[in-house]
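J.: give me the fold of what follows.
(chains A and B)
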Amino acid sequence: MDLTAPSRLASRDLFDESVGGLFARPVRTALTVLGTVVGIAALVATIGLSRTAGNRIVGRFDELAATEIVVTSKPPSPGGAPTALPWDAEQRMERLNGVVAAGTLTTINVGDALVRTSRVSDPRRQTSFNLSVAAASPGAFAAVRADLRNGRLFDEAHSERGDRVAVLGPSAALRLGIDGVEQMPAITIGDDIYLVIGILDGVARQPDLLGSVIIPEGTAAATFRLASPERVVIETRIGATTLISTQVPNALKPDNPRALRVAVPPEPKRVREAVQNDLNLMFILLGGVALVVGAIGIANVTLVSVMERTGEIGLRRALGASRRHIAEQFLLESATMGAIGGVLGASIGTLVVVAVAARESWTPVLDPFVPLAAPLVGAAIGFVSGAYPSVRAARMEPVDALRSGT
Amino acid sequence: MEPDAAAPPLVEVSGLGRTFGTEPPVHALVGVNLSVQERDWLAIVGASGSGKSTLLSILGCLDTPTAGTYRFDGIDVAALSDRQRAGLRCRALGFVFQSFHLIESRTVIENVMISEIYRKQTRRGRRERAAAALDEVGLANRAEFLPTRLSGGERQRVAIARALTRSPRLLLCDEPTGNLDSTTTHAILDLFAALNERGRTIVMITHERDVAKRASRQVQMVDGSLKESAWI
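T.: The predicted model follows:
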């Protein structure tokens, strides 16, 4: 027998010794693993929640963006007259199958005319403002998904009669100092007095309306000599935009459909990816920080463990363990701690995603790769964290280890 | 058991020196010559700091000399690499320490079984061999106990069983009775005597004259040098 042949450690023995080392101090091992559990759980939960929330956000965004069509006239060729949109665009659009709501909007050029409020609550307060004035058909409010905060919206009759009524966007109302319609507030646009009948709370589309004074289209035509509507805003059913966008030009301008410009929604997939990428980066950074803290925990505890087990290291060296065997044992211990942390963390993280999604009535979305890869990530973190303590253990001289350890 | 004087020595040390540090250097061993035959039971006695533990560490391939030669079974140990010395410890050397060096989270039999793992022996029969070693030291009924439930003498017996299960060519004992009372000391020495009778080669260091007297041969360390039977 070659007495000097290198000693050997079977894989199963190495595994048994490492697991034995872990369970020698179960409470400490559990507390150490806790760091990785928190880190991995945070990572899995944040990735899952970002996907889930992102899916929700993007879903809402898609629903809004993917159902909007805006039709305008193309700029006229030099010397040519601009193509006029028909006044009955709203009725024409509503006849198309797949249109949920439609309305016309026009930004009115009021020249130097200011919008003034007649209500004087503070003598020093400014009462004249250079506000945007828009004309809208009654259906436009539904098409832009306007929410009414106060009062009422104008209707077809107001428009037909040319009533001088106005609905204020929330920003416009704030600037004019009008917070309700109970006292029948009035404003003037130039020299004409308008009764404020409603105040909007918000709009989902055409955000320029938020700061505008909105008057009926018929009133605008009579007062400001509006030649034709500027744009048609259409809300379609989901999935109908492509079809509607091909029908709209013929419906609005059968004699010259090419003169119209139909703005279709952006490619939903690209928008979804952009939003998700932003969310994922933020959440992965947060989870990464948690994981680094967990890794430092493993490194610390493994180092303390090495210092405490100096005597055991000396004994193993006396029994024939090579430096490599010692390093392998401590590396496997720390990697196992990381892997256990990964399994528990992935489980907890997945439960958090499911629980939050259930509470919010969302659909939980989690890439199956994430919980499956988490134990591997945990093991890798444990491995890297244990590298320095393991090398330190392996470098101990057996005689010194035996002397300093008991 | 009487050693075979005609056989080549198991351990042969010549002009062995070990110096620690440089400013100023500490000469722990100076020109030590020693030979140990198979089946010998040698006691190395000496006061604290005389260098006996350093000598035992070198004999156990746990440390390397800075001067002289050390041959174990004809192998020049000083020329071996760290891995080869580990291999030699694994196959030919057994250790018994003053402080036992048992792993407290493992049972008695697991502590004994651990001595085989670096030999990459088959796991089959490992438990039986460990049980036989425990039986040899009279602890068969303590196999599943944790070391914390054992007395000092019993712990040392476990350590001896751990060394024996590897069937070492040389059993090195570092103050094996240093932490034991007199009754237990006698029991452990009786065990060593029995092992020696069955052919084990034992080198034991101690600072107790009565303990050393039980060995078949005694040498004394004084300031890093060896004197054969000087004060016995």
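J.: and for the residue of chain A found nearest chain B, the neighbour number?
T.: Closest residue of chain A to chain B, CB to the nearest CB: residue A:320 (2.5 Å). Just so you know, the C-beta spots here come from the backbone N, C-alpha and C atoms, and that holds for glycine as well. By other CB atoms under 10 Å in any protein chain shown, 27 other residues sit near residue A:320.
J.: what's the answer for residue A:27, then?
T.: That count, for residue A:27 with other CB under 10 Å as the rule, works out to 7.
J.: re earlier: got a list of what the residue of chain A closest to chain B touches?
T.: A:7, B:86, B:87, B:89, B:90, B:91, B:118, B:119 (CB atoms under 8 Å, 6 or more residues apart in numbering or on different chains).
J.: what helix or strand is residue 157 on?
T.: I went with chain A, as the question did not name one. Residue A:157 belongs to helix A:156-161 when assigned by DSSP states H and E.
J.: oops, I was thinking of chain B
T.: Going by DSSP H and E, residue B:157 is part of helix B:152-164.
J.: ok, then the element right after that helix?
T.: strand B:170-174.
J.: and that following strand, what does it pack onto?
T.: helix B:52-59, strand B:93-96, strand B:201-206 (3 or more CB pairs under 8 Å, 6 or more residues apart in numbering or on different chains; DSSP states H and E).
J.: next, format these as TSV and append mean neighbour count.
T.: Formatted as TSV, the helices and strands packed on strand B:170-174 follow (neighbours: other CB atoms under 10 Å in any protein chain shown):
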stretch	mean neighbour count
helix B:52-59	24
strand B:93-96	26
strand B:201-206	25
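J.: now those as JSON lines including distance to residue A:402 and mean pLDDT?
T.: JSON lines is the format used below for the helices and strands packed on strand B:170-174 (distance: least, CB to CB, whole Å; pLDDT from 0 to 100):
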{"stretch": "helix B:52-59", "distance to residue A:402": "8", "mean pLDDT": "93"}
{"stretch": "strand B:93-96", "distance to residue A:402": "9", "mean pLDDT": "93"}
{"stretch": "strand B:201-206", "distance to residue A:402": "13", "mean pLDDT": "94"}
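J.: can you tell me which residues in chain A are near chain B?
T.: Neighbours of chain B within chain A, by CB under 8 Å from any CB of the partner chain: A:1-10, A:12-13, A:17, A:20, A:23-25, A:311-312, A:314-323, A:325, A:397-399, A:402, A:405-406.
J.: output the below-cut-off pLDDT ranges for chain A.
T.: A:54-65, A:79-81, A:118-124, A:265-280, A:283, A:405-406 (pLDDT under 70).
J.: which element is residue A:106 on?
T.: Assigned by DSSP H and E, residue A:106 belongs to strand A:99-108.
J.: in its sheet, which strands sit next to that strand, and in what direction?
T.: Sheet pairing of strand A:99-108 (DSSP bridges) gives strand A:132-136 (antiparallel), strand A:231-236 (antiparallel).
J.: out of the ones you listed, nearest to residue A:166?
T.: Between residue A:166 and these, the shortest gap by CB to CB is with strand A:132-136, which sits at 8.5 Å.
J.: contacts for whatever helix or strand comes next after that closest one, please.
T.: For strand A:132-136, the following helix or strand on the C-terminal side (DSSP H and E) is helix A:140-143. Contacts of helix A:140-143 with the rest of the structure, by CB under 8 Å, 6+ apart, involve A:90, A:100-105, A:148, A:153, A:167, A:205, A:233-235.
J.: so which of those residues is the closest to residue A:73?
T.: Nearest member of the contacts of helix A:140-143 to residue A:73, counting by CB to CB, is residue A:104, at 12.0 Å.
J.: ok, and the closest non-adjacent residue to that closest one?
T.: Taking CB to CB, 6 or more residues apart in numbering or on different chains, and ignoring the residues beside it in sequence, residue A:104 has residue A:229 as its nearest neighbour in space, at 3.5 Å.
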